[in-house]
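Undergrad: quick check, what structure comes out for this input:
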Amino acid sequence: MERLDIEDDRFWKKLLVLGILLNLIACFTSDLGLDTHVKMAVDEDGALPWGDLRPENPGQSDAFDGGDRVVLPLYEMSEAGIKAMALVTFLGLIVCLYRWSGVRSATVLSLSPAMIFSVARGYEEVYLAAFAVLAMLLFTGVLSNKNRPLQCLSGGVFFMGMAYSKGFTDAQGVLLGAVLTGTAALLWHQLQNSGRKGTAWMARPHIVGMGVGLAVSVLMVFFGLLEINPTLAIIGQQPLRYASALAFSILDVVVLFTLFGMVMWPFVRSTWRVLKEVEDSKLAMITGYISGILVAVVFYVAALWTYEASIWGAEWPGVVWTMGNNGRYITMLFLPFIVLMHYVRKHNDVPSLDSPQSKVKATVLTVLLLLPLSLLASVHGQTMWTDEAAEGMELGQDEHFLFVSEDTLGMHWLYTFYAPLDAEENNITGHWRSTSTAWEADLNASLSHVDTIVVSPEITYTPIGWNVKTSGESDFLNGKGEWRVLTRS
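TA: I've put the predicted structure just below:
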């Protein structure tokens, strides 16, 4: 550590260049992620052509039930276009951080393994990060106190943009939600500045943060009990398993992805001390905003794990390892955290990411510990053996095929065939069966029109009446083993 001039901006600029290069490399080495392949297949009516990801009959797809999904318009673009859009947006965030905050925060964002992972796979995290900070700036009025109603309404649009990006609402829901959240922010601001008795606590950041966090916790449980959607409904259906998932989610989202992954842990104690001491209405709103989103993400990730494990029949808590990368959603709060630390420093000259002071060694050590993960996310990337399998099938116009795999992420993997097969243009239909179903019997019944099967690496036998047409090896991170394409004999 002594050999590195860690307080020199030139050291950080070199790391920043490295981070940008790693993101560029990742875009060339990584295939799009599973969720991105799914979103690219969604048709103009919001349906999935080969069946919804969560079929009503467990273990088998239903091409007649495509569900109803909302995706960003950018997923109509090509793979290169999706990656380019994510990369340009990400570089824009880095430039803004560099100019407004400093080279250190820009460097940490550029080297974030979660962001490198997301950008290369075409995920929404970079857009969530942009929407999250824009909504916060407009809600709180930290840039200007003029036109507060317009600012709050605009903030509501960006806030609901996060929900739209994740497919939780449609365009109409964005407008309605923008009015509701914008009105709530405006009323909060007016109450803060009214001077009325009983509103003094609204200028205390730590009280607002804890209050909002508690309120969001209660709302998430309440929404789960009301079963407003299948994912949150699992809270009431499997409370004990959900409670254990919540513990894992706190570890994943708060400890791994926030404190360690965003290099926040060296500054938590000093920042919290200031938040308990000062009175600042804007700082209180920033704290409440961050607290609310943080708690919501923790509760949602726990519900997602529990629900997906339930429909897949996956081992618990082994599915946490499979879906642990969902903690990356919290990267949307990186820029709001930086804004928070800047406002804290207006009251007390405590360490922050761009002015680490006594925490400089802890900051650099954490960045260096993250570096191998950044390199892995960049150089290895996402791989898809299904590209090669799709080429080996040699399907023609209007043909059907069956994909057989284990339950976990089975429908997600089915849609990785969609783009390589030019399925929309060639009117090719894919079907999926879990290894736990009677899929061999279906080949002589409901799937008698299917003459091609793709079996995932965990299936080692060949059903009677079928021959191996081609095969290949999947890599270690995809389960390792031999995938095969079978045809009727």
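Undergrad: for the protein, which spans come out with low pLDDT?
TA: 1-5, 479 (pLDDT under 70).
Undergrad: what are the ranges of the strands in it?
TA: Using DSSP state E, the strands of the chain run over 400-405, 429-434, 452-455, 466-474, 481-488.
Undergrad: tabulate those (JSON lines), appending mean neighbour count and distance to residue 110.
TA: Bear in mind the C-beta positions are built from the backbone N, C-alpha and C, glycine included. Converted to JSON lines, these look like this (neighbours: other CB atoms under 10 Å; distance: least, CB to CB, whole Å):
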{"stretch": "strand 400-405", "mean neighbour count": "22", "distance to residue 110": "36"}
{"stretch": "strand 429-434", "mean neighbour count": "23", "distance to residue 110": "38"}
{"stretch": "strand 452-455", "mean neighbour count": "24", "distance to residue 110": "38"}
{"stretch": "strand 466-474", "mean neighbour count": "15", "distance to residue 110": "31"}
{"stretch": "strand 481-488", "mean neighbour count": "19", "distance to residue 110": "36"}
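Undergrad: to residue 218, which of those lies closest?
TA: strand 429-434 (37.2 Å; CB to CB).
Undergrad: now do that closest one: which elements does it pack against?
TA: strand 400-405, helix 410-414 (3 or more CB pairs under 8 Å, 6 or more residues apart in numbering; DSSP states H and E).
Undergrad: what residues of stretch 26-40 count as buried?
TA: For stretch 26-40, burial by neighbour count (16 or more other CB atoms under 10 Å) applies to 26-27, 29-40.
Undergrad: next one: stretch 433-448
TA: Here stretch 433-448 shows 433, 434, 437, 439, 440, 442, 443, 447 as buried, counting by 16+ other CB under 10 Å.
Undergrad: send the alpha carbons of that stretch over as PDB?
TA: Extracted in PDB, the C-alpha atoms of stretch 433-448 (Å, rounded to 0.1, in the frame of the first residue of the first chain):
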ATOM      1  CA  ARG A 433     -40.400 -29.500 -20.300                       C
ATOM      2  CA  SER A 434     -38.800 -29.900 -16.900                       C
ATOM      3  CA  THR A 435     -36.800 -33.100 -16.200                       C
ATOM      4  CA  SER A 436     -39.300 -33.800 -13.400                       C
ATOM      5  CA  THR A 437     -42.200 -34.100 -15.900                       C
ATOM      6  CA  ALA A 438     -43.200 -37.000 -18.200                       C
ATOM      7  CA  TRP A 439     -41.700 -35.300 -21.200                       C
ATOM      8  CA  GLU A 440     -40.900 -38.600 -23.000                       C
ATOM      9  CA  ALA A 441     -44.500 -39.500 -22.900                       C
ATOM     10  CA  ASP A 442     -45.500 -36.100 -24.300                       C
ATOM     11  CA  LEU A 443     -43.400 -36.700 -27.400                       C
ATOM     12  CA  ASN A 444     -45.900 -39.300 -28.500                       C
ATOM     13  CA  ALA A 445     -48.900 -37.200 -27.400                       C
ATOM     14  CA  SER A 446     -49.200 -33.400 -27.100                       C
ATOM     15  CA  LEU A 447     -45.700 -33.000 -28.700                       C
ATOM     16  CA  SER A 448     -46.000 -35.600 -31.400                       C
END
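Undergrad: neighbouring contacts of it?
TA: Here stretch 433-448 makes contact (CB atoms under 8 Å, 6 or more residues apart in numbering) with 58-61, 313, 400, 402-407, 410, 431, 450, 453, 458-459, 463.
Undergrad: just give me how far stretch 28-39 sits from the chain centre.
TA: Mean-position distance between stretch 28-39 and its chain equals 13 Å (CA atoms, centre = their mean, to the nearest Å).
Undergrad: right, I mislabeled it, should have said stretch 421-441
TA: So, by CA atoms, centre = their mean, the centroid of stretch 421-441 is 27 Å from its chain's centroid.
Undergrad: can you give me the end-to-end distance of it?
TA: Start and end residues of stretch 421-441 are separated by 26 Å (CA to CA, to the nearest Å).
Undergrad: count of neighbours near residue 338?
TA: Counted with other CB atoms under 10 Å, residues neighbouring residue 338 total 24.
Undergrad: how much space separates it from residue 98?
TA: Here residue 338 is placed at a distance of 11 Å from residue 98 (CB to CB, to the nearest Å).
Undergrad: what of residue 115?
TA: Here residue 115 is placed at a distance of 15 Å from residue 98 (CB to CB).
Undergrad: residue contacts, the nearest residue in space to residue 420 that is not next to it in sequence?
TA: Distances taken as CB to CB, 6 or more residues apart in numbering put residue 390 closest to residue 420, at 3.7 Å, once the chain neighbours are dropped. Each residue near residue 390 by CB under 8 Å, 6+ apart is listed here: 417, 420, 421.
Undergrad: closest to residue 327 among those?
TA: Checking these one by one against residue 327 (CB to CB), the nearest turns out to be residue 417, at 28.4 Å.
Undergrad: and that closest one, how far is that from residue 81?
TA: 20 Å.
Undergrad: comparing these two, which shows the higher neighbour count?
TA: With neighbours defined as other CB under 10 Å, residue 417 and residue 81 compare such that residue 417 has more, 25 against 13.
Undergrad: more crowded one of residue 115 and residue 98?
TA: Neighbour count, other CB under 10 Å: between residue 115 and residue 98, residue 115 has more, with 31 against 18.
Undergrad: what sits closest to that one if chain neighbours are left out?
TA: Excluding the flanking residues, the one nearest residue 115 by CB to CB, 6+ apart is residue 331, at 5.9 Å.
Undergrad: now do the contacts for that neighbour.
TA: 112, 114, 115, 118, 125, 128, 129, 257, 261, 262.
Undergrad: neighbours around the fourth one, how many?
TA: Neighbour count of residue 118, defined by other CB under 10 Å: 27.
Undergrad: let the chain start at 680 from now.
TA: From this message on, residue numbering opens at 680, which makes the last subject residue 797.
Undergrad: measure the spatially closest residue to it that is not a sequence neighbour to residue 939 for me?
TA: Leaving aside its sequence neighbours, residue 797 sits nearest to residue 804 (CB to CB, 6+ apart; 3.9 Å). Using CB to CB, residue 804 is found at 17 Å from residue 939.
Undergrad: same check, this time on residue 870
TA: Distance, residue 870 to residue 939, by CB to CB: 37 Å.
Undergrad: same check, this time on residue 985
TA: Taking CB to CB, one finds residue 985 at 24 Å from residue 939.
Undergrad: looking at these two, which has the bigger crowd around it?
TA: Using other CB under 10 Å as the criterion, residue 985 and residue 939 rank with residue 985 on top: 29 against 14.
Undergrad: contact partners for that one?
TA: Counting by CB under 8 Å, 6+ apart, residue 985 touches 913, 914, 917, 920, 921, 924.
Undergrad: any idea how far it lies from residue 839?
TA: For residue 985, the distance to residue 839 equals 26 Å [CB to CB].
Undergrad: give the contact list for residue 836.
TA: Neighbours of residue 836 in contact, by CB under 8 Å, 6+ apart: 853, 854, 857, 861.
Undergrad: between these, identify the one with the most neighbours.
TA: residue 861 (25 neighbours).
Undergrad: nearest the geometric middle of this structure, what residue?
TA: Centroid-nearest residue in the chain, with CA atoms, centre = their mean: residue 1008, separated by 4.0 Å.
Undergrad: hmm, it is touching residue 980, no?
TA: Yes. The criterion here is CB atoms under 8 Å, and residue 1008 meets it with residue 980 at 6.8 Å.
Undergrad: what ranges does the stretch 930-1079 of the chain have for its helices?
TA: With DSSP state H, counting those that start in this stretch as the criterion, the stretch 930-1079 of the chain has helices at 947-956, 960-991, 997-1002, 1013-1024, 1039-1058, 1065-1072.
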